[in-house]
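Novice: Curious how this folds, go ahead:
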Amino acid sequence: MILAIAISIAILLGYQMLVRPYLPQPAVTTASIAPPTATAPKPSNTVGVTPSDAGAAPVAPPKNVPRLPIEAPRVSGSISLVGARFDDLVLRDYRETTDPKSPLVRLLEPQADPQPYFVQFGWTALPGTTVKLPDSTTLWTAEGGPLSNSHPVILTWNNDAGLIFRIEVSVDDNYMFSIRQSVRNDSGAPVTLYPWSRLSRDYTPETSGYYILHEGLIGVLHDRLQETTYAKAKSEGAAHDGVAFTSTGDGGWSGITDKYWLVALIPDQAQSATTTFRHIAPNGQDSYQVAVVDDQGQTIAPGAEATAASRMFAGAKVVRMLDRYEDVDKIPSFDKAVDFGWFYFLTKPIFYALDWLNSVFGNFGVAIMLFTLFVKLLFFPLANKSYRSMSRMKLLGPKITAMRERFKDDPARQQTEMMALYKAEKVNPASGCLPMLVQIPVFFSLYKDIFVTIELRQAPFFGWIHDLSAVDPTNIFNLFGLLPFDPTVISPFLHLGVWPLIMGGTMFLQQKLNPAPPDPVQARLFQFMPLIFMFMLARFPAGLVIYWSWNNTLTVAQQWFIQRRTSLPNPRAARV
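Specialist: Sure, this is the predicted structure:
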C-alpha cells in the first residue's frame, strides 16, 4: 500500500513538474496583444438588462490620457480619467523576486500595455432606451487627489442631457476600494438605470500549471465556491455565446485570482445581482471578464438622485486580512480566495499554527520545524506502538525467511504459518503503515500552505535558502555553483540541491531501521525509494523538503530508541 501511494504521488506530481511545462503551448501572436476593436455579444440578466460596457469588448483609450494618482499605504498607481478605468496598480509591499532592487509587483495594467487588466464601473438602461451613458471613451473630471486612505476622490461627468454621473472612490489602509456611484436627474422625465461593474483581463496569463492550485475566474455565490479555469472559460464560452457561467442572487463576490493576488468585485450584499463569467476573443485576443449587474435597477425621478455602493479588492491574498474583511464587512467566505484545497479543515489551522510560530520566532523555517515536532509529540503514542511492532517484525525477519523457504511450494500454507507466527508474537504487520497514513494529510496540507499562501512567499530560512516557497537553489550537478553552467538546461532532472540530498539521506537511514519486505522484488524496489523521492522533491518548495528531512530525522531518532529497547534482553529475566 505504501509503495502504491508513493508511486501514485510520484506519477501525479512528476507529470505536473517535469512533463506539463514542456507540452506545446499556443503561440503568442501580435494580434493577441493588440487592443481590441470589435464588439462581442453582450450578456443579459433576468430582467433583460444589457450593460453597454459590462460584457463588451471595450475600446482602447489613447495612450496619453489624463490620470488621477493613487498614493495609499500599500498600493500606488493611477486611475484613467478616460473611461474611469482602474488600470494602473502597483503593490508597494511585494517585489517580483527576492532581489531588493527587483520591480514591485504590478497588478493592473492599461489596455495599451501588453497585459491589459482593469476594472470599470458604470450604468446601463433597458434596451430601446435613448439615454446617453458614460462608456470607455468618456472623459471624466476629477475632484481632489491624489487618492489615498485619508483623501477620497470624486469623478464627475455631465451627459449634457440632464444627467450628472459621479463616482466617489475611497481606499482603506490595505487593498479594499469603496465605490459609490450616483446619478442626479436634472432632466424633465424619469429614467431607469442599472448599475454594473466589470473586471476584464485581456490576455491569458501564465499559470503555475498545477492541478492542485486554481488560477482563473472565481467567486462565492449563494454561499458556494465557483471556480472556472481559463481553459474552461474558453470552452464554455465558445459553446454558450461567450458566457461561461452565470448566477443571480443576493451578495457574494467574484473576480479573477492568481496564485498570490486577487482582484474581486464585491456588490452590495443586500441587493440582487447577476454575475457572469465570460470569454470573448475579438481579433483573436483572449478577454476574460467578470461582470456584475444590479437586477433591480433604480428609477430616478426628475430632481432626484440614485446611488449604488460596491467595493473592489485588488491586492495580495493575506489570509488574516481576508478573514478580517469576512468578519467585519460580512463578505461571505472571502478566505476561500486562498486555495486551501480539499483539506481546508486541516490546511487552514496548520497555516494558523505556522503563522503564530513565525510571529514568535521570526522565521517560517523554524516554525515548520517546531510544528513538525509538535505533530510528532501529538501522535507519539500511536507512533510508539507502530515502531514497537516494526521492531518485533525486524527481529522476526530470520524466522519469516526460513518459513518462506520451507513452504515455498505451498503459498497457502506459507500465509497460514506466517499469520500464526504474527499472532503468537503479537505483531501486526500493517501497523507500520499508521505513521505514513497520518503523515500524508499533514504533508499535503503543509505543502498547500507553503505553495499557495503569500505569507510564505519569499520567506527566508538560514544560509542559502532565501525563499521557502521556491526550490533549493543549489545543485550538485554544477558542484553547488563552482561550475559556471545550469545543468537544468540539459534536463530538468539535473537539479539536486543540498536539502533534497539531506532528505534522501534521512530517508535512507529510516529505511534501514525498518524491516525489509519479505518479497525480494519489493525489497529491491524499496531500496530505490529514497533515490526516487530525492529527485522528485528536488523540484518542490524548499520549506517542504526541510519539513520532510526534519520529520525523517525525528522518526529515525524515535525508531532507533524504540528498537534499541526492544532488542535488549529483559533485565529481570537476565538476573533470573
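
Novice: Buried residues in stretch 166-181, which are they?
Specialist: Judged by neighbour count (16 or more other CB atoms under 10 Å), stretch 166-181 contains these buried residues: 166-171, 174-181. (C-beta placed from N, C-alpha, C; glycine too.)

Novice: Now do it: distance to the chain's middle.
Specialist: Taking CA atoms, centre = their mean, to the nearest Å, one finds stretch 166-181 lying 26 Å from the centre of the chain it belongs to.

Novice: picking up where we left off before, grab the two from the buried residues of stretch 166-181 that are most spread out in space.
Specialist: 166 and 174 (24.9 Å; CB to CB).

Novice: sorry, back to before: tell me which of the buried residues of stretch 166-181 fall in strands.
Specialist: Those of the buried residues of stretch 166-181 mapping onto strands are 166, 167, 168, 169, 170, 171, 176, 177, 178, 179, 180, 181, per DSSP state E.

Novice: Distance check, the last one against residue 536.
Specialist: Remark: distance between residue 181 and residue 536 (CB to CB, to the nearest Å) = 53 Å.

Novice: Of all the residues in the host helix or strand of residue 366, which ones are buried?
Specialist: Counting by DSSP states H and E, the element that carries residue 366 is helix 364-378. Residues 364, 365, 366, 367, 368, 369, 370, 371, 372, 375, 376 are the ones in helix 364-378 that count as buried (16+ other CB under 10 Å).

Novice: Identify the residues contacting the nearest residue to the third one once chain neighbours are set aside.
Specialist: Sequence neighbours aside, residue 357 is the residue nearest to residue 366 in space, at 7.3 Å (criterion: CB to CB, 6 or more residues apart in numbering). Residue 357 makes contacts with 366, 367, 370, 371, as judged by CB atoms under 8 Å, 6 or more residues apart in numbering.

Novice: May I ask which two of those residues are separated the most?
Specialist: Taking CB to CB, no two of those sit farther apart than 366 and 371, at 9.5 Å.

Novice: In the chain, where is pLDDT below threshold?
Specialist: 1-10, 12-63, 387-394, 426, 428-436, 438, 515-519, 563, 565-576 (pLDDT under 70).

Novice: Could you break it into its assigned domains?
Specialist: Listed domain ranges for the chain are 34-334, 347-569 (source: automatic domain parsing).

Novice: Tell me how far the shortest one lies from the chain's centre.
Specialist: In terms of CA atoms, centre = their mean, the centre of domain 347-569 is found 26 Å from the chain centre.

Novice: Report the secondary structure state of residue 499.
Specialist: At residue 499 the chain is in helix, as set by DSSP: H, G, I helix; E, B strand; the rest coil.

Novice: and the gap between it and residue 543?
Specialist: Distance from residue 499 to residue 543, by CB to CB: 10 Å.

Novice: Also residue 411?
Specialist: Applying CB to CB to residue 411 and residue 543 gives a distance of 46 Å.

Novice: So the two - more neighbours on which side?
Specialist: Set residue 411 next to residue 543 and count neighbours by other CB atoms under 10 Å: residue 543 wins out with 27 against 10.

Novice: ok, how many other residues are close to residue 308?
Specialist: With other CB under 10 Å as criterion, residue 308 counts 21.

Novice: Next: the one 3 residues further on.
Specialist: A count of nearby residues for residue 311, using other CB under 10 Å, gives 22.

Novice: In contact with the closest residue to it other than its chain neighbours, which residues?
Specialist: Leaving aside its chain neighbours, residue 311 sits nearest to residue 266 (4.2 Å; criterion: CB to CB, 6+ apart). Residue 266 makes contacts with 253, 310, 311, 312, 313, 331, as judged by CB under 8 Å, 6+ apart.

Novice: can you pick the most crowded of those?
Specialist: With neighbours taken as other CB under 10 Å, the top of the contacts of residue 266 is residue 253, carrying 27 neighbours.

Novice: Assess the claim that that residue and residue 331 are in contact.
Specialist: Yes. If you go by CB atoms under 8 Å, residue 253 and residue 331 touch, sitting 5.8 Å apart.

Novice: Tell me the buried residues in the longest helix anywhere in the chain?
Specialist: In the chain, taking DSSP state H as the definition, the longest helix is helix 542-567. In terms of neighbour count (16+ other CB under 10 Å), helix 542-567 has its buried residues at 542-556, 558-559, 562-563.

Novice: Okay, angle between it and helix 364-378 too, please.
Specialist: Compare the direction of helix 542-567 with that of helix 364-378 by axes from the mean of the first three to the mean of the last three CA atoms, to 10 degrees and you get 30 degrees.

Novice: Could you point out the helix or strand that follows the helix or strand hosting residue 405?
Specialist: Element membership of residue 405, judged by DSSP H and E, is helix 397-406. Counting by DSSP H and E, the next helix or strand C-terminal to helix 397-406 is helix 411-425.

Novice: The helix or strand following that next one to helix 364-378, inter-axis angle?
Specialist: Later in the chain than helix 411-425, the nearest helix or strand by DSSP H and E is helix 433-452. Calculated by the same axes, to 10 degrees, helix 433-452 forms an angle of 160 degrees with helix 364-378.

Novice: any idea where the helices of the stretch 1-150 of the chain begin and end?
Specialist: Under the criterion DSSP state H, counting those that start in this stretch, the stretch 1-150 of the chain carries helices at the ranges 2-14.

Novice: Let's have the buried residues of stretch 166-181 in JSON lines, adding distance to residue 104.
Specialist: What follows is these, written out as JSON lines (distance: CB to CB, whole Å):
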{"residue": "166", "distance to residue 104": "31"}
{"residue": "167", "distance to residue 104": "26"}
{"residue": "168", "distance to residue 104": "27"}
{"residue": "169", "distance to residue 104": "22"}
{"residue": "170", "distance to residue 104": "23"}
{"residue": "171", "distance to residue 104": "17"}
{"residue": "174", "distance to residue 104": "16"}
{"residue": "175", "distance to residue 104": "14"}
{"residue": "176", "distance to residue 104": "19"}
{"residue": "177", "distance to residue 104": "18"}
{"residue": "178", "distance to residue 104": "24"}
{"residue": "179", "distance to residue 104": "24"}
{"residue": "180", "distance to residue 104": "29"}
{"residue": "181", "distance to residue 104": "30"}
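
Novice: and of the residues you listed, the nearest to residue 91?
Specialist: When the buried residues of stretch 166-181 are ranked by distance to residue 91 (CB to CB), residue 175 comes first, at 8.0 Å.

Novice: picking that back up, I'd like to know which of the buried residues of stretch 166-181 is nearest to residue 353.
Specialist: Nearest to residue 353, judged by CB to CB, of these is residue 174 at 23.8 Å.

Novice: Next, the contact list for the closest one, please.
Specialist: By CB under 8 Å, 6+ apart, the residues touching residue 174 are 73, 74, 315, 318, 321.
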